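Student: I would like the atomic coordinates for the input below:
(2 chains)
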Amino acid sequence: MDIILNLSFLERGIAAGLLIGFISPVIGAFLLVRRMTIISEGLSHVTLTGITAGVLVTQVAPWFNPLYAGFLFSLGGSLLIEKLRQVYRHFEELAIPIILSGGVGVSALLISLADTGYTEWYAYLFGSIITVTTADLGFIFLTGAAALIVILLFYKELVSISFDPEFASSSGIGVKKINFLFSVLTALVISMSMKVVGILLVGALIALPTAAAILFAKSFRQVLILGILFGEAAVVGGITASYYLNIATGGAIVVMGVLLLAAAFFVKKLQNLWNRSERKEHAA
Amino acid sequence: MSADREAVLELQGVQFGYSSRPVLEDIQLSVAPGSFLGLVGPNGSGKSTLMKLLLGLLEADEGTIKLFGTPVQSFRDWNRIGFVSQKAGSFNSGFPATVFEVVSMGLYGKIGLFRFMKKKHKNRVMEALRLVGLEEYSGRQIGMLSGGQQQRVFIARALVSEPELLILDEPTVGVDADSVRNFYELLKELNRNKGITLLLVTHDIGAMSDYVTDVACLNKCLHFHGATGEFISNKDEMMRAMYGHDVSVIEHNHDHGHHDHHHDHDRSEAVK
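Tutor: Numbering: from 1, shown residues only, chains lettered A, B, ... in the order given. All right, here's what the predicted structure looks like:
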């Protein structure tokens, strides 16, 4: 922990960004193949509810870090989404707007109760890398490491269930338990990304790198590796751009992610053209 | 000789109903090791329900079901049984997984929690792919294969854990007629050369009867259970008993065209 304590605010921000740029695309890859990427949007808004509740708590107990409350709400939200998806089995996507609007509604209520300045909310909505405290970095580091270890240990089971839950079950895998574990992981990763990119932009680091990776990946392993590369590139590029151009870091990271995705489309297009002309030459 | 070996699968007086409506009545069935049983029946004959009972997903109202001599309720050796589901072919064809990764999934349950794939596991995956003749496709993305090839991949996934009994539930739905023939040839080979006991559940009586060693006909009750030759010589009578009217067996067009559709889609994507 000594190293973490001696970091400057800039170094703390970069470390937090790199950690999130690594783990978000990993969760993103699993969400993608389960066709549940949109869940990250619902959960990030519930996390906001948790954070507003946490900010209220800090007015009584100043030592409390609102990120913890954010995580707890995010976890509750992900379990509730699972439940709603079962209730509306034929209209699963309905779970997201229910959770999302409910979360935002309660947040608005709590914000009106809390007597806090506008800038603090702005930091939670759009991220504020320079206000990452040592405690925040510790939270991000611990939750990130925990999430990675769990994914590594349950990699086989998570992949098998994502591809074919019925077969996974018949091969002796406890589908329900693993799905619960995955809900916890998703909630964890979303709440830890909050401070860096903000509630409104969390989904970007989950969806954009994976969207770029899937253009090139043939295997699931490649989706993970390419996703991490795209995620880290977006974070490094975004932080650099925000430092030199004096623009918002969260926004810069997300815009960098979008630019990388556009570049990926372009490369893919070139690849297709190249393959086609090769085939023609072959045929001639 | 087979008398002193215990049946792989044994059902006695099995009865099942959904809220008092009988679905299966008094089913007696015994599958000897090394046999290739075709279980046929029309839609709604209780085939799927019977499958669920065998896999322990449902519990029989009456009667006993034994797998390798153990009642299904207390059976735990699930890796002795390989299962190829009807729905196996309806996965998301854009799923970014290679053939190798998909077949590996057949070992995950056996390897167990907190353990990783080792060299010997990888060799077994390649061996299973060799068996179904798809060795050189191991690095290809699963969605890029034809329906028939995908079906072979799912067989390999079931075979990789080296099961003694392989259960196939309507495995040829959505597969073109030529591939179906090849597919049955493959099953016959697995049965003869590898000694794997096979239970094939299907509504496709025509193609199947050239390959299986035994036939069972189901429609709520079991109408016939015996050797294939016997079944063929009594076919018309059997069909009448099972379907309740005369039936002529014709090669039917598979109209479950979604596989081919996906492939056209993939191809047009590639050309763009």
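Student: pull the CA atoms of the helix or strand hosting A:G203 into PDB?
Tutor: For A:G203, the enclosing helix or strand under DSSP states H and E is helix A:202-213. Listed next in PDB are the C-alpha coordinates belonging to helix A:202-213 (Å, rounded to 0.1, in the frame of the first residue of the first chain):
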ATOM      1  CA  VAL A 202     -19.500   3.700 -17.600                       C
ATOM      2  CA  GLY A 203     -21.300   1.800 -20.300                       C
ATOM      3  CA  ALA A 204     -18.800   3.100 -22.800                       C
ATOM      4  CA  LEU A 205     -15.800   1.300 -21.400                       C
ATOM      5  CA  ILE A 206     -17.800  -1.900 -21.200                       C
ATOM      6  CA  ALA A 207     -19.300  -1.700 -24.700                       C
ATOM      7  CA  LEU A 208     -16.900   0.200 -27.000                       C
ATOM      8  CA  PRO A 209     -13.700  -1.900 -26.600                       C
ATOM      9  CA  THR A 210     -15.700  -5.100 -27.000                       C
ATOM     10  CA  ALA A 211     -17.500  -3.800 -30.000                       C
ATOM     11  CA  ALA A 212     -14.200  -3.100 -31.600                       C
ATOM     12  CA  ALA A 213     -12.700  -6.500 -30.600                       C
END
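Student: and the residue of the stretch 1-150 of chain B nearest chain A?
Tutor: B:G109 (3.3 Å; CB to the nearest CB). Where C-beta positions appear, they are placed from N, C-alpha and C, glycine not excepted.
Student: I'd guessed that residue sits against A:G174; true?
Tutor: No: B:G109 is beyond contact range of A:G174, at 10.0 Å (criterion: CB atoms under 8 Å).
Student: the two: which has the busier surroundings?
Tutor: B:G109 (21 against 14; other CB atoms under 10 Å in any protein chain shown).
Student: list the contacts for that one?
Tutor: A:S160, A:A168, A:S171, A:G172, A:I173, B:W78, B:N79, B:S161 (CB atoms under 8 Å, 6 or more residues apart in numbering or on different chains).
Student: assumed it was part of a helix.
Tutor: Yes: under DSSP: H, G, I helix; E, B strand; the rest coil, B:G109 falls within a helix.
Student: so what pLDDT did it get?
Tutor: The score at B:G109 is 81. That number is its pLDDT.
Student: can you check the one 5 residues further on too?
Tutor: Per-residue confidence (pLDDT) for B:F114: 82.
Student: doesn't A:Y155 make contact with it?
Tutor: No: applying CB under 8 Å, one finds B:F114 not in contact with A:Y155, separated by 10.4 Å.
Student: more neighbours, these two?
Tutor: Using other CB under 10 Å, the more surrounded residue of B:F114 and A:Y155 is A:Y155, with 18 against 9.
Student: not counting sequence-adjacent ones, nearest residue to the residue in the stretch 1-150 of chain A that chain B sits nearest to?
Tutor: Using CB to the nearest CB, A:V33 is the residue of the stretch 1-150 of chain A that sits closest to chain B, at 5.9 Å. Distances taken as CB to CB, 6 or more residues apart in numbering or on different chains place A:S162 nearest to A:V33, at 4.6 Å, with adjacent residues excluded.
Student: can you tell me the SS state at that neighbour?
Tutor: Applying three-state DSSP: A:S162 is helix.
Student: give me the number of residues near it?
Tutor: 24.
Student: which ones are touching A:T116?
Tutor: Per CB under 8 Å, 6+ apart, neighbours of A:T116: A:V55.
Student: doesn't it fall inside a helix?
Tutor: No: read with three-state DSSP, A:T116 is coil and lies in no helix.
Student: quick check: phi and psi at it.
Tutor: Torsion angles at A:T116 (phi, psi; degrees, to the nearest 10) stand at phi -120, psi 160.
Student: A:A53 against A:F71, yeah?
Tutor: No: with contacts defined as CB under 8 Å, A:A53 does not count as touching A:F71, sitting 11.7 Å away.
Student: lovely, talk soon.
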